[in-house]
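S.K.: fold the following, please.
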Amino acid sequence: MKLLTGSTVVRRIVIGLVAAFALVGAGAVGATAEDYLRDAKHNDKVAIRGCVIRFDERNAAGETVPRIHANSAHYCVGVTGVEVEDDGDLLIRSNTPGPIMSLSVSPDESLARLGYTCGASGGLSTTIIRCYDRDGVKIAADSPRMYGAYNNLWLTWFTWQDG
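M.R.: Numbers count the residues shown, from 1 in each chain. Alright, predicted model coming up:
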């Protein structure tokens, strides 16, 4: 049997107390997060936004001009505008309030064939979308590389409605 010295005992007590406080703290954080965890129910108030952004127009300088693509075959719900920011990010404006439950960006087969991937950030009244090529290089939304007669991004948001 090994005899513990006084400093070893104190060290173990301190480690035990730190671990206990960490667990209590984690529980407090968990309790706060639980306020935003909900069970799915048949009568949940969820708004679904969706829109196709097409890259088939160019301006006089040859830059691609992303636009909302809406017609009898492509509805656009909850999106009010599209613009390209100075850094090349695609900014989507929408009018559907509420906390975001889910947000997805899907490049269509034309962009996927080029190896482009895109991701979104935000999602309340504005959503920022960035696209990258196979090498991880950012592609500006107004880049001629995004241009194509049928190049689309499919966007979908699920938003919680407390009203």
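S.K.: CA atoms for contacts and neighbours, from now on please.
M.R.: Noted.
S.K.: output the lowest mean pLDDT helix or strand found in the protein.
M.R.: helix 6-34 (a mean of 50; mean pLDDT, DSSP states H and E).
S.K.: and the helix or strand that it is followed by, average pLDDT?
M.R.: Where DSSP states H and E defines the elements, the next helix or strand beyond helix 6-34 is strand 46-54. Summarised as a single mean, pLDDT over strand 46-54 is 95.
S.K.: repeat that for stretch 94-106.
M.R.: On average, stretch 94-106 scores 91.
S.K.: can you tell me what sits against stretch 82-98?
M.R.: 47, 49, 66-68, 78-81, 124-130, 139-142, 159-162 (CA atoms under 8 Å, 6 or more residues apart in numbering).
S.K.: change it to 7 Å
M.R.: Stretch 82-98 has contacts (CA atoms under 7 Å, 6 or more residues apart in numbering) with 67-68, 78-81, 124-130, 140-142, 159-161.
S.K.: what's the answer for stretch 44-55, then?
M.R.: Contacts for stretch 44-55 (CA under 7 Å, 6+ apart): 64-69, 75-79, 146-148, 150-162.
S.K.: 8 Å - rerun?
M.R.: Contacts of stretch 44-55 (CA under 8 Å, 6+ apart): 64-70, 74-79, 96, 146-163.
S.K.: just those: which are in strands?
M.R.: Among those, the ones falling in strands (DSSP state E) are 67-69, 79, 152-160.
S.K.: now distance to D56 too, for those residues, in a markdown table please.
M.R.: Converted to a markdown table, the ones in strands among the contacts of stretch 44-55 look like this (distance: CA to CA, whole Å):
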| residue | distance to D56 |
| --- | --- |
| R67 | 8 |
| I68 | 11 |
| H69 | 10 |
| V79 | 19 |
| N152 | 9 |
| L153 | 12 |
| W154 | 14 |
| L155 | 17 |
| T156 | 20 |
| W157 | 23 |
| F158 | 27 |
| T159 | 29 |
| W160 | 33 |
